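Visitor: this one's structure only:
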């Protein structure tokens, strides 16, 4: 085994170890891996720093900045007041189901076009407002929103980091990228069926006798003309960015949505309606460095051939089968199990290059294989460490480790059935 391959193996072990050890922050992945791969000759220093120019990272930055500006304009509180007004005059279990249905529909739909973790964070004031007025456990609603935004985000390219980093693996391999709505064929049925389960069986979601945090914001107050102007400008800018993504996805015209996104952000800030600080409120240096760490492990897997080694191991399990349903099931189960302990973004980053190697060896469509992995990696329903959304919002609740699995396991089953049953039909492997 060459020194460069040894460096790749060490980098992989570091990546996994940092994510598993609770006391180490996720951003340490990049900081610890970068010196190793350069010293061992696995990658050059310029290639290591080149991961910061990846389009997936810039897409994440743009989504985070828009999320911050939307929160700064008070749109989250507006939504909370809408939910409260819509359920007035209804009581008991029927009222609870109406509240959860409205929360699911709004948060899930917003997650189609905004990163799910930041949508969930933006809904915190909404949840606290509803909890104070209805006496429903805010821990219960937070877990509900975590899953609602995860299911909604899985329907589009930009809704969740899992899909973005699956796309990054295709980009690193020089393959055709996913379009904005390529995930929706499988994601939408999961979203609909999963929503029906969650709303009807919301009593399975853990509930606690608790007080709303004393510092929780619960009222927006009277919307001034200035507030409305801010919301309009930010809303229009975000819609323009989404339209650019759709045009690029459908190849209707030559347009770079990243430049459009940055241009909209610049114009909004230059108007003075949103401050630079507010635009960065949903984004920290830790997130950027962690994203760089995921980009780096993807590049290491590709450049070192480590992905081919892992791919060969999976192929030995599959044997000579060309059964699309069996292939989909194995890829999904592997990703779904791995994501419970490793974080969904990281799982997609590690397994997607392996999936591309498998596709190359089988002569299969790499997009179809990577899509199966992305759907499995997105099933972050069983543990509080399975995704950044779970980890971030857990601290605002009284939830226990087992509460996630108790309410989340049917969502994994629903995702598995839809993935295995639908994906081979709409996204042929061969």
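Guide: Looks like it arrived, so ask away. Bear in mind the structure is a predicted one, so any value in this text is a computation, not a measurement. Numbering: from 1, shown residues only.

Visitor: Now for residue 205, how many residues are close by?
Guide: By the criterion of other C-beta atoms under 10 Å, residue 205 has 21 neighbours. C-beta coordinates here come from the backbone N, C-alpha and C atoms, glycine included.

Visitor: Spit out the contact partners of it.
Guide: 140, 143-144, 198, 403, 407 (C-beta atoms under 8 Å, 6 or more residues apart in numbering).

Visitor: Tell me which two in those residues are the farthest apart.
Guide: Within the contacts of residue 205, 198 and 403 form the most distant pair, 13.9 Å apart (C-beta to C-beta).

Visitor: Those two: which has the busier surroundings?
Guide: residue 198 (25 against 21).

Visitor: okay but the more buried one is in contact with residue 101, surely?
Guide: No: using C-beta atoms under 8 Å, residue 198 is not in contact with residue 101, being 9.3 Å away.

Visitor: Residue 150 and residue 281, how far apart?
Guide: According to C-beta to C-beta, to the nearest Å, residue 150 stands 22 Å off from residue 281.

Visitor: Who has more neighbours out of these two?
Guide: When neighbours are counted by other C-beta under 10 Å, residue 150 and residue 281 differ, and residue 150 comes out ahead with 32 against 17.

Visitor: pretty sure the more buried one contacts residue 382?
Guide: No: contact criterion C-beta under 8 Å: residue 150 and residue 382 do not qualify, at 11.9 Å.

Visitor: excluding its backbone neighbours, what's nearest the residue nearest to the spatial centre of the chain?
Guide: Of all residues in the chain, the one closest to the mean position by C-alpha atoms, centre = their mean is residue 160, 2.5 Å from it. What sits nearest to residue 160 in space, not counting adjacent residues and going by C-beta to C-beta, 6 or more residues apart in numbering, is residue 153, at 3.6 Å.

Visitor: For that neighbour, give me its contacts.
Guide: Residue 153 neighbours (C-beta under 8 Å, 6+ apart): 111-112, 115-116, 119, 159-160, 162-163, 378.

Visitor: From residue 290, how far out is it?
Guide: Taken as C-beta to C-beta, the span from residue 153 to residue 290 is 18 Å.

Visitor: One more: residue 412?
Guide: 25 Å.

Visitor: Counting neighbours, go ahead and name the busier of those two.
Guide: Between residue 412 and residue 290, counting by other C-beta under 10 Å, residue 290 is the more crowded of the two (26 against 21).

Visitor: Find the nearest non-adjacent residue to residue 43, please.
Guide: residue 37 is the one closest to residue 43 (C-beta to C-beta, 6+ apart), at 4.7 Å.

Visitor: before we move on, what about residue 63?
Guide: That would be residue 115: by C-beta to C-beta, 6+ apart, it lies 4.5 Å from residue 63.

Visitor: Quick one: neighbours of the one you found, just the number.
Guide: 26.

Visitor: pLDDT-wise, which helix or strand of the chain ranks last?
Guide: Ranked by mean pLDDT, DSSP states H and E, the helix or strand of the chain with the weakest confidence is helix 75-86, at a mean of 64.

Visitor: What score does residue 251 have for pLDDT?
Guide: Residue 251 is assigned a pLDDT of 68 by the prediction.

Visitor: quick one: the helices in the stretch 1-150 of the chain?
Guide: 3-20, 28-39, 45-50, 55-72, 75-86, 92-111, 116-122, 124-134, 138-153 (DSSP state H, counting those that start in this stretch).

Visitor: So which of these is nearest residue 309?
Guide: Comparing the helices of the stretch 1-150 of the chain by C-beta to C-beta, helix 3-20 comes nearest, at 8.6 Å.

Visitor: buried stuff in that closest one?
Guide: 4-5, 7-12, 14-16, 18-19 (16 or more other C-beta atoms under 10 Å).

Visitor: what's residue 264 in contact with, if anything?
Guide: Neighbours of residue 264 in contact, by C-beta under 8 Å, 6+ apart: 237-238, 240-241.

Visitor: which among the residues you listed gets closest to residue 106?
Guide: Closest to residue 106, out of all of these and judged by C-beta to C-beta, is residue 238, at 15.8 Å.

Visitor: so how far is residue 70 from the closest one?
Guide: Separation of residue 238 from residue 70 (C-beta to C-beta) stands at 7 Å.

Visitor: again with residue 40
Guide: Per C-beta to C-beta, residue 40 is found 43 Å from residue 70.

Visitor: Check residue 181 too.
Guide: Counting by C-beta to C-beta, the separation of residue 181 from residue 70 is 22 Å.

Visitor: Ok, residue 365 next?
Guide: 36 Å.

Visitor: can you check residue 174 too?
Guide: 35 Å.

Visitor: And these two? Which one has more around it.
Guide: More crowded of residue 174 and residue 70, by other C-beta under 10 Å: residue 70, with 23 against 7.

Visitor: pretty sure that one is touching residue 119, no?
Guide: No: the pair residue 70 / residue 119 is not scored as a contact, 9.1 Å apart, by C-beta under 8 Å.

Visitor: tell me the contacts of residue 59?
Guide: Residue 59 neighbours (C-beta under 8 Å, 6+ apart): 158, 164, 258, 261.

Visitor: same thing but at 10 Å, please
Guide: 115, 157-158, 161, 164, 167-168, 245, 257-258, 261, 291 (C-beta atoms under 10 Å, 6 or more residues apart in numbering).

Visitor: what's the answer for residue 233, then?
Guide: 69, 73, 264, 267-268, 271, 273-274.

Visitor: Check pLDDT for those residues and point me to the minimum.
Guide: residue 73 (77).

Visitor: what's around it, how many residues?
Guide: Residues near residue 73, counting by other C-beta under 10 Å: 23.

Visitor: so who does it touch?
Guide: Applying C-beta under 10 Å, 6+ apart, the residues near residue 73 are 227-235, 268, 273-274, 278.
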